[in-house]
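>>> What follows is a predicted protein model with its sequence.
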Amino acid sequence: MDAVIVVLLVLILLALGVLIGVLLRRRSKAEGAPAPAAPRDPFAAEDQVGGDPRTIKAGDMIEYLGTRYFVRGSVRLKEGGFTWSEHLLDADTIEGAKVWLSVEEDPDLEVVWWTGRDMEGLSPGGKTITVDGVEYRREEHGTADYTSEGTTGLGVQGRVEYLDYAGPRGKYLSFEQYGAGQWEAGLGDRVPNGALTIYPGGS
């Protein structure tokens, strides 16, 4: 009888040992397995292999459509809780054409490439304006405070009045009046994600 009890105890201990071993193996596999990736925005700025446009500053260099541009200065604008930036670029070409790049989040990141347009025949304020055969509809009208960095042709700080118009297929028309200056006009085209390559300048 004692021998039977001993055998039963041995069998129970063996079964417990096997069970503990299986549980430890499962636990180590679970700890070693990589955690599932967290959901993320597929259009987030970090996916832009050329860098994050929100970090652009004076001294950086930008490559767009095969041409390199130097960032001469930046204007940081604020209206209420909304902020955006405009960067003056100087092309690394014989012509030395100057253009602007605007960067804003509303809520998605939007980058627009601007070229200056003379004011001849243009008058800001209408509900629609046609330029070079393209009709633009007014979207926004407001005033913002700004600070200027680097070379922009503006004072260190001030206020700007603006009127923004949107056209088809990512085209824009904008009017800006800094302080008591003259109205300035610009035509814009939305920049596709990843189309810019940003080379950071010195600190």
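Received, thanks. Residues are numbered from 1 along each chain as shown.

>>> burial measure for the nearest residue in space to residue 134 that is not next to it in sequence, as a count.
Leaving aside its sequence neighbours, residue 134 sits nearest to residue 167 (CB to CB, 6 or more residues apart in numbering; 5.0 Å). C-beta coordinates here come from the backbone N, C-alpha and C atoms, glycine included. Residues lying near residue 167 (other CB atoms under 10 Å) number 19.

>>> So residue 167 is in contact with residue 138, correct?
No: if you go by CB atoms under 8 Å, residue 167 and residue 138 don't touch, sitting 11.1 Å apart.

>>> list residues touching both of the two?
Counting by CB atoms under 8 Å, 6 or more residues apart in numbering, residue 167 and residue 138 have no common neighbour.

>>> one step back: pLDDT at the residue nearest to residue 134, what is it?
Listed pLDDT for residue 167 reads 97.

>>> show me what contacts it?
So residue 167 contacts 134-137, 173 (CB under 8 Å, 6+ apart).

>>> Can you pick out the most distant pair from those?
134 and 137 (10.9 Å; CB to CB).

>>> domain ranges for the protein?
By the assignment in automatic domain parsing, the chain contains the domains 1-34, 49-199.

>>> And the helices in this structure, which stretches?
Ranges of helices in the chain, per DSSP state H, are 2-32.

>>> May I have the beta-bridge partners of the residue nearest in space to the middle of it?
With distances taken as CA atoms, centre = their mean, residue 109 lies nearest the centre of the chain, 4.1 Å away. Beta-bridge pairing for residue 109 (DSSP bridges): residue 105.

>>> Pull up the per-residue confidence for it.
pLDDT recorded at residue 109 is 92.

>>> Go ahead and confirm it touches residue 55.
No: counting by CB under 8 Å, residue 109 does not reach residue 55; the two are 11.8 Å apart.

>>> least reliable of the domains of the chain going by mean pLDDT?
Minimum mean pLDDT among the domains of the chain: domain 1-34, a mean of 64.
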